[in-house]
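Enquirer: Provide a 3D model corresponding to the input given below.
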Amino acid sequence: MRDPRGHYLETFCEIDLSAFARNIQAIQQQVDNRQIILAVKANAYGHGVVPICREAIANGVNRFGVATLVEGVQIRDADIDGEILILTPPTLEQIPSVVYHDLSPNVVSRQFAEVLSAESVRAGKKIKIHIEIDTGMGRTGFHWFDAVGEIISISKLPNLKLEGIFSHFPVADSRDKSDVEFTRRQLEKFSNIVGSLTKGGIEIPTVHISNSAGILAHQILGNAVRPGILAYGLYPSNTVKKSVKVEPVLSLKTHVVQLRRHEPGDSISYGRTYIAMHPERVAVIRAGYGDGLRKALSNRGEVLIRGKRRQILGRVCMDTTMVEVDSDVMLDDDVVIIGVQDDETISADDHAVWSHTINYEILTGISERVRRIYIENGEVIEVV
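Expert: Below you'll find the model as predicted:
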């Protein structure tokens, strides 16, 4: 494949912005048009943060959740307006940059809030903050039984605007009875805290707890949601209810760069983990773990060439991988690593099973050296 400038593309991702837009619309319908805070951390789950944010804005979403200050600044530097929530608590030394770039930090300590307030006063700005409540995740946030007092206290600090409170589910994607009950108790704790703050006269414009799994399988509490993996067309687990129909946005593709014939006894790749038992025709493809293919795919993963599944032979290398092929395969043939070819599909979920991991890690693990090709209505509109 060649990009719009005529440059040959070795290994690349196709990002279907039309599919992404349809996913956003499907989520909006499911959540009764609550506000969407779109999770775009880790380069928008490997999809490319700036083009994804622009497409989200075109579809009515103008609030974004990132993990780091650097991710938030990247979006601001692309002249993207709207609220950018740093979901992972920033460090104290990052506060001046948070204020300068008008980012909304996750506040999880009184000390951070006081330093942020002082810097906001010095800069003459009023900074929006969200406060995280730990209702059972066991990660970051104020513990739920301390939250009300801490929030009331922080809300009185100058030049801080309490924009939102939120929490996070650890097992909302599970249908196990104990996990469902655990999530229900989280919702109950969070609801009680919201009620207590409201009775205390604390105005909270944005209340959010539902991630992708929460949207799919549980009561939606609050006036905002935080979809991540669902927006990119995948489900958070195989067991979660698929109450929203979405479609994968990303495909990963490459080409055949060499064809070889191996005789019985020949070994293939590092470690000699594959020994040919009979004459075999083998294709070398230009993709490896340096591009995001997991080494765990060695001798067990598959790719698509000419509409057929082809077995990976030997260990996945940094830049190349070998696959078994027949006489139909030719040099420069298209190879689909993740995506659809003819009537066959290999998904990020397939890769997760082969690699003993989750689809999130497959998507976010695609290397930055892999070019992203953005397609809208079947036409290439941008190459990053």
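
Enquirer: and stretch 128-138, how far out from the chain's middle?
Expert: For stretch 128-138, the separation from the chain centroid amounts to 20 Å (computed by C-alpha atoms, centre = their mean, to the nearest Å).

Enquirer: If you could redo that for stretch 303-319, that was the one I meant.
Expert: Relative to the mean C-alpha coordinate of its chain, stretch 303-319 is positioned 25 Å out (C-alpha atoms, centre = their mean).

Enquirer: And stretch 47-58, by the same measure?
Expert: For stretch 47-58 - counting by C-alpha atoms, centre = their mean - the centre lies 13 Å from the chain centre.

Enquirer: contacting residues around the residue lying closest to residue 157 once chain neighbours are set aside?
Expert: In this structure, residue 157 finds its nearest non-sequential neighbour in residue 117, 4.0 Å apart by C-beta to C-beta, 6 or more residues apart in numbering. C-beta here means a position set from N, CA and C on the backbone, and glycine is covered the same way. By C-beta atoms under 8 Å, 6 or more residues apart in numbering, residue 117 lies in contact with 157-160.

Enquirer: and residue 117, helix, strand or coil?
Expert: helix (DSSP: H, G, I helix; E, B strand; the rest coil).

Enquirer: From residue 107, how far out is it?
Expert: Distance of residue 117 to residue 107, given as C-beta to C-beta, to the nearest Å: 10 Å.

Enquirer: Grab the longest helix from the chain for me.
Expert: In the chain, assigned by DSSP state H, the helix with the most residues is helix 177-199.

Enquirer: for residue 168, phi and psi?
Expert: phi -140, psi 140 (degrees, to the nearest 10).

Enquirer: can you check residue 204 too?
Expert: In terms of degrees, to the nearest 10, the main-chain angles of residue 204 are phi -130, psi 100.

Enquirer: residues in contact with it?
Expert: Counting by C-beta under 8 Å, 6+ apart, residue 204 touches 162, 164-165, 194, 197-198.

Enquirer: Could you do residue 189 as well?
Expert: 133, 135-136, 144.

Enquirer: Closest one to residue 292 out of these, please.
Expert: Distances from residue 292 to the contacts of residue 189, taken as C-beta to C-beta, are shortest for residue 136 (32.5 Å).

Enquirer: How many residues are close by that closest one?
Expert: Neighbour count of residue 136, defined by other C-beta atoms under 10 Å: 18.

Enquirer: Give me the sheet partners of the longest strand anywhere in the chain and which way each runs.
Expert: Across the chain, the strand with the greatest residue count (assigned by DSSP state E) is strand 250-262. Applying DSSP bridges, strand 250-262 is found paired with strand 12-16 (antiparallel), strand 280-285 (antiparallel), strand 334-341 (antiparallel).

Enquirer: That one: which residues count as buried?
Expert: Residues of strand 250-262 classed as buried by neighbour count (16 or more other C-beta atoms under 10 Å): 250-257, 262.

Enquirer: same question, stretch 111-123
Expert: Applying a neighbour-count criterion of 16+ other C-beta under 10 Å, one finds 112-113, 116-117, 119-120 buried in stretch 111-123.

Enquirer: Is it possible to get JSON lines of these that adds pLDDT and distance to residue 228?
Expert: Shown next, in JSON lines, are the buried residues of stretch 111-123 (pLDDT from 0 to 100; distance: C-beta to C-beta, whole Å):
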{"residue": "112", "pLDDT": "98", "distance to residue 228": "24"}
{"residue": "113", "pLDDT": "98", "distance to residue 228": "26"}
{"residue": "116", "pLDDT": "98", "distance to residue 228": "26"}
{"residue": "117", "pLDDT": "98", "distance to residue 228": "30"}
{"residue": "119", "pLDDT": "98", "distance to residue 228": "30"}
{"residue": "120", "pLDDT": "98", "distance to residue 228": "29"}
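
Enquirer: and stretch 303-317, how far apart are its ends?
Expert: Taking C-alpha to C-alpha, to the nearest Å, the first and last residues of stretch 303-317 lie 15 Å apart.

Enquirer: nope, stretch 232-240 is what I was after
Expert: End-to-end distance of stretch 232-240 (C-alpha to C-alpha): 16 Å.
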